[in-house]
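Peer 1: Structure, please.
(one chain, ligands or ions: 1)
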Amino acid sequence: MMKAMAKYLVTGAAGFIGSSLVRALLDRGEEVRGIDNLATGRRENLTEVLKQMDFRQVDILDLDAMRQACEGVDYVLHQAAIPSVPKSVLDPLGSNRANADGTLSVLVAARDAKVKRVVYAASSSAYGDTPTLPKHEAMTPNPISPYAVAKLTGEYYMISFYRCYGLETVSLRYFNIFGPRQDPSSQYSGVLAKFSLQMLRGEQPTIFGDGEQSRDFNYIDNAVSANLLACSAPAAECAGRVFNIATARRATLNQTFELLKPLTGYTGTVKYGPERGGDIKHSLADITLAQKHLGYKPLVNFEEGLRRTVEWYRSEARAAGA
Ligand code: UD1
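Peer 2: Residues are numbered from 1 along each chain as shown. As a prediction, this is how the structure comes out:
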């Protein structure tokens with residue numbers, strides 16, 4: 001049987017999660033358009049797939065360009081963001097523009113182009129420092145950082161566009177996603193990208209705080225599958241709703257450092273520095289809702305994800321050195 005063709009627009013297509021989504025969609029034979037303003041994304045993340053897609057250097061805040069990008073599109077996977085808690089603490093206006101205003105701009109363009117569904121990269125940071133673990137979607141949000149506020153604002157706009165305009169929207173609250181192509185090079189980079197590269201290079205990593213903070217680290221393939229499921233699930237199951245996307249397990253940074261030692265061959269110690277502003281202590285998800293309504297399940301566990309991630313940074317380093 002012929003599969004009906006669908007057209008996908010990935011915002012933030014040159015970023016870590018966006019470029020992984022692009023590859024997964026192309027592998028499934030879908031038609032893919034991608035946009036990125038290349039603020040944090042890198043064209044190199046798309047090198048070998050650029051020819052198979054329609055890539056445009058577009059800023060989501062440019063409403064005219066966004067409208068054009070949405071033309072003929074069935075599904076928008078909105079990943080474009082400035083995805084950093086500490087950066088938002090330094091520059092709350094910039095974070096709000098990219099993460100909140102940007103999401104509103106995507107929604108207006110998608111609504112006007114009569115897109116079928118918008119799937120949004122929401123953030124577990126919405127839960128903040130509430131003591132209850134695991135976090136479930138019915139809990140009252142308690143954002144701490146400007147990043148968390150902006151991402152949560154985007155979620156509310158998603159729900160509002162479903163309620164007011166009938167645009168099908170699904171928000172995926174990502175817990176800490178990691179894996180190949182996550183940028184390790186900035187001081188704002190995700191901890192696993194930084195630690196993998198530092199430890200492979202034999203450089204001493206720094207833990208901010210006592211290292212007993214914990215995260216529900218989730219490998220990229222699981223987030224990709226959640227997006228595909230959020231496109232195919234019946235509207236009655238998911239439209240206008242919010243879902244945790246995680247593994248329902250957590251690891252402390254101290255444990256993670258120990259796991260990375262044999263994988264990277266690092267034999268040194270870790271340095272402890274001051275706690276980071278805006279940080280939360282513990283994060284762990286209840287994923288019952290996503291399991292029930294999207295059919296989501298984590299396909300790759302933390303240890304296997306770490307192994308694949310370190311392997312990828314190792315082969316990148318080898319390629320760069322060759
Ligand atoms: C947060 C959000 C996540 C969001 C992400 C975007 C939560 C629970 N998660 O992740 O949803 O998508 O921001 O960036 O709020 N650390 C070190 N050493 C380092 C770097 C980081 O110890 O060199 C520590 C941080 O202080 C933090 C932990 O590692 O305690 C994780 O930090 P990071 O990877 O930046 O992600 P979150 O801030 O947890």
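
Peer 1: Helices of this structure, start to end?
Peer 2: Ranges of helices within the chain are 16-27, 63-70, 85-90, 92-96, 102-112, 146-165, 191-200, 220-232, 235-238, 253-264, 288-294, 302-321, based on DSSP state H.

Peer 1: Turn the ones you listed into TSV, columns for distance to Phe175.
Peer 2: The way it works is simple: take the backbone N, C-alpha and C, and place the C-beta from them, glycine included. Below are the helices of the chain laid out as TSV (distance: least, Cβ to Cβ, whole Å):
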stretch	distance to Phe175
helix 16-27	13
helix 63-70	28
helix 85-90	13
helix 92-96	19
helix 102-112	19
helix 146-165	13
helix 191-200	12
helix 220-232	9
helix 235-238	18
helix 253-264	14
helix 288-294	11
helix 302-321	11
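
Peer 1: Export those to TSV and append columns for mean pLDDT, mean neighbour count and distance to Leu38.
Peer 2: Formatted as TSV, those follow (pLDDT from 0 to 100; neighbours: other Cβ atoms under 10 Å; distance: least, Cβ to Cβ, whole Å):
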stretch	mean pLDDT	mean neighbour count	distance to Leu38
helix 16-27	98	22	12
helix 63-70	98	18	14
helix 85-90	93	19	16
helix 92-96	98	17	15
helix 102-112	98	23	14
helix 146-165	98	20	20
helix 191-200	97	23	18
helix 220-232	98	22	20
helix 235-238	98	15	31
helix 253-264	98	17	30
helix 288-294	98	19	31
helix 302-321	94	16	19
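
Peer 1: Using a markdown table, lay out those helices together with distance to the ligand.
Peer 2: Formatted as a markdown table, the helices of the chain follow (distance: least, Cβ to the nearest ligand atom, whole Å):
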| stretch | distance to the ligand |
| --- | --- |
| helix 16-27 | 9 |
| helix 63-70 | 23 |
| helix 85-90 | 4 |
| helix 92-96 | 11 |
| helix 102-112 | 14 |
| helix 146-165 | 7 |
| helix 191-200 | 4 |
| helix 220-232 | 10 |
| helix 235-238 | 20 |
| helix 253-264 | 5 |
| helix 288-294 | 15 |
| helix 302-321 | 13 |
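
Peer 1: Leu200 versus Ala317, what's the distance?
Peer 2: 6 Å (Cβ to Cβ, to the nearest Å).

Peer 1: what's the neighbour count on the nearest residue to Gly94 once chain neighbours are set aside?
Peer 2: In space, and not counting its chain neighbours, Gly94 is closest to Ile82: 6.5 Å by Cβ to Cβ, 6 or more residues apart in numbering. Using other Cβ atoms under 10 Å, Ile82 has 20 other residues around it.

Peer 1: wait, Ile82 sits on Asn37?
Peer 2: No. With contact defined as Cβ atoms under 8 Å, Ile82 does not reach Asn37; the gap is 10.3 Å.

Peer 1: what's the closest residue to Tyr266 other than its chain neighbours in contact with, if anything?
Peer 2: Spatial nearest neighbour of Tyr266, excluding adjacent residues (Cβ to Cβ, 6+ apart): Met199 at 3.8 Å. Contacts for Met199 (Cβ atoms under 8 Å, 6 or more residues apart in numbering) come out as 205, 260-261, 264-266.

Peer 1: Mind telling me the two of the residues you listed farthest from one another?
Peer 2: Pro205 and Gly265 (13.8 Å; Cβ to Cβ).

Peer 1: more neighbours, these two?
Peer 2: Pro205 (20 against 12).

Peer 1: Okay, the more buried one and the ligand: tell me how far apart.
Peer 2: 6 Å (Cβ to the nearest ligand atom, to the nearest Å).

Peer 1: Could you do Ala122 as well?
Peer 2: Distance from Ala122 to the ligand, by Cβ to the nearest ligand atom: 8 Å.

Peer 1: How about the contacts made by the nearest residue to Glu303 once chain neighbours are set aside?
Peer 2: Spatially, and ignoring its direct neighbours in sequence, Glu303 is nearest to Leu259 (6.6 Å; Cβ to Cβ, 6+ apart). By Cβ under 8 Å, 6+ apart, the contact list for Leu259 reads 251, 303, 306.
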